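[1] What follows is a predicted structure for the sequence shown.
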Amino acid sequence: MVTVKRGVVEFQFLRPHAREVHLVGDFNGWSKGVLPMAKSADGYWRARLRLPGGTFRFRYCADGDWFTDYAAFGVEPGPYGPVSVVYVPVK
């Protein structure tokens, strides 16, 4: 699940048994180790970042496996499978 408020994007991914989860997307060059997510007691992993206005593609990497967020703003085909889309309004 993804929410956007005033340019701050919050990504939430439910994976209670994962050891580590990273947020990976075109906003960080699709680099797997750059944006680790923080685990909450409820089993959700969360990350917040400020992004400029525009459309961005992303996926989650949990313990080396890739996941698409079908609850995001949309899904598009990518070179290795479907990617999630988040839209940040231009101010």
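    Looks like it came in fine.
[2] doesn't Asp42 make contact with Phe13?
    No: in terms of CB atoms under 8 Å, Phe13 does not count as a neighbour of Asp42; the distance is 11.8 Å. Where C-beta positions appear, they are placed from N, C-alpha and C, glycine not excepted.
[3] Of the two, which one has the most company?
    Set side by side, Phe13 and Asp42 show more neighbours around Phe13, with 22 against 9, by other CB atoms under 10 Å.
[4] For the more buried one, name its beta-bridge partners.
    With DSSP bridges as the criterion, the beta-bridge partners of Phe13 are Trp45.
[5] which stretches of the protein form strands?
    Using DSSP state E, the strands assigned to the chain run over residues 2-5, 8-14, 21-25, 38-39, 44-50, 54-62, 65-67, 74-78, 81-88.
[6] Make a markdown table from the ones you listed and add distance to Ser31 and mean pLDDT to it.
    Formatted as a markdown table, the strands of the chain follow (distance: least, CB to CB, whole Å; pLDDT from 0 to 100):
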| stretch | distance to Ser31 | mean pLDDT |
| --- | --- | --- |
| strand 2-5 | 19 | 94 |
| strand 8-14 | 16 | 96 |
| strand 21-25 | 7 | 97 |
| strand 38-39 | 18 | 98 |
| strand 44-50 | 14 | 97 |
| strand 54-62 | 10 | 96 |
| strand 65-67 | 14 | 95 |
| strand 74-78 | 16 | 93 |
| strand 81-88 | 15 | 95 |
